[in-house]
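*Asks:* predicted model, plus sequence, below.
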Amino acid sequence: MMNWLKGNWFYLLVLIIALLAPVVITNRYYSQVITMSLLFAIAALSLNLILGYTGQLTLAHGGFFALGAYGVAIMTYTLGWNFWLALPLAAIFAAVVGFLVGMPTLRARGSYFAIATLCLGEIIYLIAGNWIEVTGGHNGIVGIPHPSPIPIPGIGVLTFESQTSQYYMVLFFLLLTLFVMYRIRESMRGRTFMAVLCNEDLAESVGINTFRTKLLSFVVANFFAGLAGGIYASLIGSISPSVATVGLTFNFLMYVLLGGVGTLAGPIIGAFFLPILLEYLQFLQDYQMILFGILLIVVIIYFSSGFMGLYKKISNRIKKSKVGA
Amino acid sequence: MELFLQQVFNGIMLGSTYAIVALGLTLVFGILHVPNFAHGHMYMLGAYVCFFLITIFGFAYWPAVALAAILLAVAGVILEVLVFKPLRNDPGFNPLIAALGALIILENVVVVLWGPEGHRIPNPYPGIIDFFGITMSVQRLLVIGMAAAMIILLQLFIKKTTLGNTIEAVAQNKEGATLVGINVNFVSAMTFAISTALAAIAACLVAPIFMISPSMGALVGMKAFVIVILGGLGSIPGAIAGGMILGLIEAIGGGYFSAAYKDVFGFGALVLILAIRPTGLFGKEIKGR
């Protein structure tokens, strides 16, 4: 127990801070920013599964986020279903679309797959903007209800109207996603993902069915992208085709890359600190995105392993100097 | 029948512009292996440069097109040297992601400088020709003619001049090209210059027909990738054929089925083709990344 604590005290500390955050942060605006950061961390973690652990660059991640968002919006607002039924159904819908789309596109490799998924994201965007009867066209859907209350026998009713309760709900789903990603990484199945990442031809030659491996990773990643999208729709209360733009995919990509691709902490760090950084750069207004682009290029050229890579490099150097002394 | 021929004419016009844009992309993506996602944004920048040369500096149409092509060639070299050259030997997706960064910068620089709204270049040839019931504006005919001229010139340059041959040499074998004294850095920069100049010319040609706006590049860039893959990486005839196919799919799909979904047809065709032939219609087998 003590040993476990010694190895993981830092993560425990982060968890405690995350649990206590709503007590400290009472400002409504900041509270909203943090809740959204946690939500985007779910999407970034799922992108990391397919990009960081399986080595396939999908540019339709925003599209699958939008599928989940539209799924929840249509099921809860238009059809009037319970949110807790709609959310898993929307995530499964995103996963099923991911399966159907992954079947043909994952046969293509590298840049070809990236471009095929870019086109898919664009198709989802075009359908969201033009299928007016279902998606509301470019006006989108407004007035999506908050998550339905959950009655707990003997205690009362769990509602999700306050910001604090919404924060804890998103935190719960983030921890759930993190747990699943951790289990995948440590499993035999996860090792096959990484074998595909390292060398697809070699993985194939030692008997790994690389196509099925990539497909599984893609489906799981899209499930969580849809989950994040579904929660987003319900918390924000309105959606429009703008959630399906490739810009959102680029944001997720940047969270993963700046935080550190192929690590579990990286995407969360990226999703958490990048929006906060952007809030501070708010005064730059239109120049903000230009700076963003420059930052992306500089990071890719000089620190392509992101913040986590930098952290590892520094901690290795400290360890070495200790051994030397 | 007249409607059909009209759509075919529009399709060929669209296809001609797509073909020139895709030619530029097939040079950098197929030959230098740089997935330049910012290619469509260079096209957009070309249209803006042309617009300002005409409306602010009072250039005539053709000098403005020529100057825009030269300026964009310079911009292409800058892009290559600053963004892609440091990543030349980088594996994986890093050049692609750097291109995304370049695209974000380009689009937002244009928004900051000139606003997000659309503009229109005054049409230099507003005349209309009626040909057996098909309406052809002179500008549209000009687009087709210029596209053909650009294609022939590029083909002559690559096949008949020493400078053009060096591009093919680098494409076939980078080390071998270096050994016989070809400066790979120079060839890369030159290929980028040709690529972005072609994009600028295409943009200047269609700018009097369509609106120009900061977001016009994203869709065209994406379509150029679709065409390059349809036609096979690095293949010039493939890019021309792919451009024409996509133009016709869009014009006929948009005319007969649904204008709102015309882009879905084109992108859908790409996904289908990749499903059947994962390396494109005329593509060769590629090794892992």
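*Replies:* Looks like it came in fine. Quick caveat: nothing in here was measured; it's all calculated off a predicted structure.

*Asks:* would you mind measuring from A:Phe172 to A:Gln32?
*Replies:* Look at A:Phe172 and A:Gln32: by CB to CB, to the nearest Å, they are 18 Å apart. For glycine as for every other residue, the C-beta is placed from the backbone atoms N, C-alpha and C.

*Asks:* tell me the SS of the nearest residue to B:Pro214 once chain neighbours are set aside?
*Replies:* Excluding the flanking residues, the one nearest B:Pro214 by CB to CB, 6 or more residues apart in numbering or on different chains is B:Val110, at 4.4 Å. Judged by DSSP: H, G, I helix; E, B strand; the rest coil, the three-state class of B:Val110 is helix.

*Asks:* how many neighbouring residues does the closest residue to chain B within chain A have?
*Replies:* Closest residue of chain A to chain B, CB to the nearest CB: A:Pro104 (3.0 Å). Here the number of neighbours of A:Pro104 (other CB atoms under 10 Å in any protein chain shown) works out to 16.

*Asks:* quick one: contacts for it?
*Replies:* By CB atoms under 8 Å, 6 or more residues apart in numbering or on different chains, the contact set of A:Pro104 is B:271-272, B:274-275.

*Asks:* now that we have those residues, which one has the most neighbours?
*Replies:* B:Leu274 (26 neighbours).

*Asks:* just confirm that residue contacts A:Arg107, I think it does.
*Replies:* Yes - using CB atoms under 8 Å, B:Leu274 is in contact with A:Arg107, at 7.1 Å.

*Asks:* grab the nearest non-local neighbour of A:Trp81.
*Replies:* Residue nearest to A:Trp81 in three dimensions, not counting chain neighbours: A:Met75, with 4.6 Å by CB to CB, 6+ apart.

*Asks:* which of the three states applies to that neighbour?
*Replies:* Assigned by three-state DSSP, the conformation of A:Met75 is helix.

*Asks:* list the contacts of it.
*Replies:* A:81, A:85-86, A:89-90.

*Asks:* and residue 8, how many neighbours?
*Replies:* No chain specified, so I'll use chain A. 11.

*Asks:* please go with chain B instead
*Replies:* 17.

*Asks:* so it makes contact with B:Leu248?
*Replies:* Yes - using CB under 8 Å, B:Val8 is in contact with B:Leu248, at 6.8 Å.

*Asks:* all strands for chain B, in order.
*Replies:* Listed in chain order, the strands of chain B (DSSP state E) span B:128-131, B:134-137.

*Asks:* who wins for proximity to A:Trp9 among these?
*Replies:* Taking CB to CB, strand B:134-137 is the member of the strands of chain B nearest to A:Trp9, at 72.7 Å.

*Asks:* for the closest one, buried residues please.
*Replies:* B:134, B:136-137 (16 or more other CB atoms under 10 Å in any protein chain shown).

*Asks:* can you check stretch A:104-111 too?
*Replies:* For stretch A:104-111, a neighbour-count test (16+ other CB under 10 Å) marks A:104-111 as buried.

*Asks:* mean confidence for that stretch?
*Replies:* Average pLDDT, stretch A:104-111: 80.

*Asks:* ok, now stretch A:269-287?
*Replies:* 78.

*Asks:* stretch A:70-90 too?
*Replies:* The average pLDDT within stretch A:70-90 is 91.

*Asks:* residues near residue 120, how many?
*Replies:* Picking chain A for this. Neighbours of A:Leu120 under the rule other CB under 10 Å: 24.

*Asks:* hm, I was asking about chain B
*Replies:* 13.

*Asks:* re the thing from before, please list which of the contacts of A:Pro104 are also close to chain A.
*Replies:* Among those, the residues that sit close to chain A (CB under 8 Å from any CB of the partner chain) are B:271-272, B:274-275.

*Asks:* residues touching A:Leu85, list them.
*Replies:* A:Leu85 makes contacts with A:Met75, as judged by CB under 8 Å, 6+ apart.

*Asks:* element containing it, please.
*Replies:* Using DSSP states H and E, A:Leu85 sits within helix A:83-105.

*Asks:* pull the distance from that helix to the chain's centre.
*Replies:* 15 Å (CA atoms, centre = their mean, to the nearest Å).

*Asks:* restricting to C-alpha, output it in PDB.
*Replies:* Taking C-alpha atoms only, helix A:83-105 is exported to PDB below (Å, rounded to 0.1, in the frame of the first residue of the first chain):
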ATOM      1  CA  PHE A  83     -30.700  11.500 -21.600                       C
ATOM      2  CA  TRP A  84     -29.300   8.400 -20.000                       C
ATOM      3  CA  LEU A  85     -30.800   6.300 -22.700                       C
ATOM      4  CA  ALA A  86     -29.800   8.700 -25.500                       C
ATOM      5  CA  LEU A  87     -26.200   9.100 -24.500                       C
ATOM      6  CA  PRO A  88     -25.100   5.500 -24.800                       C
ATOM      7  CA  LEU A  89     -27.200   5.100 -27.900                       C
ATOM      8  CA  ALA A  90     -25.500   8.200 -29.500                       C
ATOM      9  CA  ALA A  91     -22.000   6.900 -28.600                       C
ATOM     10  CA  ILE A  92     -22.900   3.500 -30.000                       C
ATOM     11  CA  PHE A  93     -24.200   5.200 -33.200                       C
ATOM     12  CA  ALA A  94     -20.900   7.000 -33.600                       C
ATOM     13  CA  ALA A  95     -19.100   3.700 -33.100                       C
ATOM     14  CA  VAL A  96     -21.300   1.900 -35.600                       C
ATOM     15  CA  VAL A  97     -20.700   4.600 -38.200                       C
ATOM     16  CA  GLY A  98     -17.000   4.400 -37.300                       C
ATOM     17  CA  PHE A  99     -17.200   0.600 -38.100                       C
ATOM     18  CA  LEU A 100     -19.000   1.100 -41.400                       C
ATOM     19  CA  VAL A 101     -16.600   3.800 -42.500                       C
ATOM     20  CA  GLY A 102     -13.500   2.200 -41.100                       C
ATOM     21  CA  MET A 103     -14.200  -1.000 -43.100                       C
ATOM     22  CA  PRO A 104     -13.400   0.700 -46.400                       C
ATOM     23  CA  THR A 105     -11.100   3.600 -45.300                       C
END
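
*Asks:* identify each buried residue in it, please.
*Replies:* A:83, A:86-87, A:89-91, A:93-95, A:97-98, A:101-102, A:104-105.

*Asks:* out of those, which two sit at the greatest distance?
*Replies:* Pairwise over the buried residues of helix A:83-105, using CB to CB, the maximum falls at A:Phe83 and A:Pro104, 32.9 Å.

*Asks:* mind putting the ones next to chain A among the contacts of A:Pro104 into a markdown table with pLDDT?
*Replies:* Listed next are the ones next to chain A among the contacts of A:Pro104 as a markdown table, based on pLDDT from 0 to 100:
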| residue | pLDDT |
| --- | --- |
| B:Val271 | 74 |
| B:Leu272 | 77 |
| B:Leu274 | 72 |
| B:Ala275 | 73 |
